[in-house]
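Trainee: Model the structure of this input:
(chains A, B, C and D)
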Protein chains: 2
Amino acid sequence: MSLELTPVQTVACCSPLSREPLSESEAEGIVPLLKALGDPVRLRLMSLVASHEGGEACVCDLNDAFELSQPTISHHLKVLHEAGLLEREKRGVWVYYRARTDALSGLAALIGGQVQ
Amino acid sequence: MSLELTPVQTVACCSPLSREPLSESEAEGIVPLLKALGDPVRLRLMSLVASHEGGEACVCDLNDAFELSQPTISHHLKVLHEAGLLEREKRGVWVYYRARTDALSGLAALIGGQVQ
DNA sequence: CTTAAACATCGACAAGTGTAAATATTTACG
DNA sequence: CGTAAATATTTACACTTGTCGATGTTTAAG
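Mentor: Below you'll find the model as predicted:
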């Protein structure tokens, strides 16, 4: 098995939280996703992108939704991208971000997975 | 409606992340849960308690699972408790924590809820 | 080539966070 | 009462993080 795991694999690797104790390394693989979502601006950015028409949004649209500087939004998008929650695609001068719904649903399954 | 929301209400208040953009206040209600889980020690603590027999665990059991000081574990448990993810019950000298599985599943539904 | 627009990176700083040592609190037991 | 054990609180400190201004990079249009 490769050491480089996609976000989907990272989340799929583990039993649900309530089934058996997470190992230290499992926890450290999941925490970056939770940290990335654990900021109000990033959570709203994630929701904005995920709910946007076509499943993607341009940075220019996202900047206008916040009263924050452009570098700050760019920083938050980078965090979400590096956590594997957003895909990044450049088209001309514009950059479009797309939500990794597989990563989201995988994380949800890990957190909320019931024993039966 | 009361201003003091239970964790379940906090999470149940909102549409799934991918359905429509989260408002600022909605995001700020959810972020504490994600921040609480966004630390490897707390995520493992949560998993330890949730997967423990009887659905609860004594602090004395939890301390032994980490090479961390007792005050540090106590601090992390407090964070999880104040986020509404752990219930706290004192019996004699011992304190038992119990996982709020409703809060976990509510959070999971918010993160992973698909449009269809 | 110049210029402008979209976005990213860098540098700096205030605020927040994880940790441990010391101490306090609560409970049980003689 | 006095002592010991389980847990919480306080204090302090190093480290991380969110933010912005300044600057860099890339692309398109004249």
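Trainee: Then residue A:66 would be within a strand, right?
Mentor: No - remark: residue A:66 does not belong to a strand; assigned using DSSP: H, G, I helix; E, B strand; the rest coil, it is coil.
Trainee: In this structure residue A:107 contacts residue A:31, no?
Mentor: No - using Cβ atoms under 8 Å, residue A:107 makes no contact with residue A:31, being 11.0 Å away. (C-beta placed from N, C-alpha, C; glycine too.)
Trainee: Could you check which of those two has the larger neighbour count?
Mentor: A count of neighbours by other Cβ atoms under 10 Å in any protein chain shown puts residue A:107 above the other of residue A:107 and residue A:31, at 25 against 21.
Trainee: so which helix or strand takes in the more buried one?
Mentor: Assigned by DSSP states H and E, residue A:107 belongs to helix A:101-112.
Trainee: Let me see the mean pLDDT of that helix.
Mentor: The pLDDT scores in helix A:101-112 average 94.
Trainee: which strands and helices sit next to it?
Mentor: Judged by 3 or more Cβ pairs under 8 Å, 6 or more residues apart in numbering or on different chains; DSSP states H and E, the packing partners of helix A:101-112 are helix A:7-12, helix A:24-37, helix B:101-112.
Trainee: and those, which is most packed in?
Mentor: Among the helices and strands packed on helix A:101-112, ranked by average contacts under mean count of other Cβ atoms under 10 Å in any protein chain shown, first place goes to helix B:101-112 (a mean of 22).
Trainee: just the angle between that one and helix B:24-37, please?
Mentor: Counting by axes from the mean of the first three to the mean of the last three Cα atoms, to 10 degrees, helix B:101-112 lies at 120 degrees to helix B:24-37.
Trainee: how far out from the middle of the chain is helix B:101-112?
Mentor: Here helix B:101-112 shows a centroid-to-chain-centroid distance of 10 Å under the convention Cα atoms, centre = their mean, to the nearest Å.
Trainee: residues in contact with residue A:24?
Mentor: By Cβ atoms under 8 Å, 6 or more residues apart in numbering or on different chains, the residues touching residue A:24 are B:40, B:44.
Trainee: And it, how close does it get to residue B:40?
Mentor: Taking Cβ to Cβ, to the nearest Å as the measure, residue A:24 falls 7 Å from residue B:40.
Trainee: cool, residue A:87 as well?
Mentor: 26 Å.
Trainee: The two: which has the busier surroundings?
Mentor: Taking other Cβ under 10 Å, residue A:87 and residue B:40 do not tie; residue B:40 has more neighbours (19 against 16).
Trainee: Now distance to DNA strand C too, for the helices and strands packed on helix A:101-112, in CSV please.
Mentor: Listed next are those as CSV, based on distance: least, Cβ to the nearest atom of the strand, whole Å:
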stretch, distance to DNA strand C
helix A:7-12, 18
helix A:24-37, 9
helix B:101-112, 17
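Trainee: could these go into a markdown table alongside distance to residue B:56?
Mentor: A markdown table is the format used below for the helices and strands packed on helix A:101-112 (distance: least, Cβ to Cβ, whole Å):
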| stretch | distance to residue B:56 |
| --- | --- |
| helix A:7-12 | 26 |
| helix A:24-37 | 20 |
| helix B:101-112 | 12 |
